[in-house]
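1. just need the structure, nothing else, for what follows:
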Amino acid sequence: MAEAVFRNMIAEKGLANKIEVDSAGTANWHTGKPPHEGTREILDKYRISYKGMHARQIQENDLKNFTYIIAMDEQNVMDLRNEFGNYKEVTVRKLMDFVKDPEELNVPDPYYTGDFDYTYELITTGCEELLKHIRSKHNI
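-> Numbers count the residues shown, from 1 in each chain. The predicted model follows:
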């Protein structure tokens, strides 16, 4: 969901040629599968494309090829540390770290909560703030 929302935001701002977005999970449970049905429904509701998106597992090269690795929750950050150790070349942060006084510190997984609308709201707010941060930090 976050990848599709963020891609949509940067496309609307005309920044698709300046910011690369990709998503990957810390586990391989859903590798090769399209977004969850509930995610597709919420993205369809807001007319946000998820065309061509399929789950994949994060690889060590991702930590070398991307400036930011954005996790949805603290468990994902810990999983990344356990798998890859300290990351020196990349900024690893939770999405909600970019939101001032967030109502949640972690983005709840709607697969478990069933609340895709709430997750969408949090992701949208987090992505807006992440984009502001990137634009400011990198003069985009």
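2. so for the host helix or strand of Val92, what's the average pLDDT?
-> Per DSSP states H and E, Val92 falls inside strand 91-94. Strand 91-94 carries an average pLDDT of 90.
3. give me the next element, helix or strand, following it.
-> Following strand 91-94 in sequence, per DSSP H and E, is helix 110-113.
4. what packs against that following helix?
-> In terms of contacts (3 or more C-beta pairs under 8 Å, 6 or more residues apart in numbering; DSSP states H and E), helix 110-113 is packed against helix 37-45, helix 116-137. (Each C-beta comes from the backbone N, C-alpha and C, glycine too.)
5. circling back to that earlier point, contacts for the strand holding Val92, please.
-> Strand 91-94 has contacts (C-beta atoms under 8 Å, 6 or more residues apart in numbering) with 67-74, 76-77, 80, 105-107.
6. please redo it, this time with the cut-off set to 10 Å
-> 63, 66-74, 76-77, 80-81, 84, 86, 97, 102, 104-107, 126, 130, 133, 137 (C-beta atoms under 10 Å, 6 or more residues apart in numbering).
7. any stretches of this structure with poor pLDDT?
-> Applying pLDDT under 70 to the chain flags the ranges 89.
8. picking that back up, closest one to Ile19 among the helices and strands packed on helix 110-113?
-> Nearest to Ile19 among the helices and strands packed on helix 110-113 is helix 116-137; the distance by C-beta to C-beta comes to 6.6 Å.
9. how far off centre is the closest one?
-> Relative to its parent chain, helix 116-137 has a centroid offset of 9 Å by C-alpha atoms, centre = their mean, to the nearest Å.
10. that older thread, can you tell me the strand partners of the strand holding Val92 and which way each runs?
-> Strand 91-94 sits in its sheet next to strand 68-71 (parallel), going by DSSP bridges.
11. buried sites along the strand it pairs with?
-> Going by neighbour count (16 or more other C-beta atoms under 10 Å), the buried part of strand 68-71 is 69-71.
12. so what does the following helix or strand past it touch, helix or strand wise?
-> Following strand 68-71 in sequence order, the next helix or strand is helix 74-84 (DSSP H and E). Helices and strands touching helix 74-84, as assessed by 3 or more C-beta pairs under 10 Å, 6 or more residues apart in numbering; DSSP states H and E, comprise helix 60-65, strand 68-71, strand 91-94.
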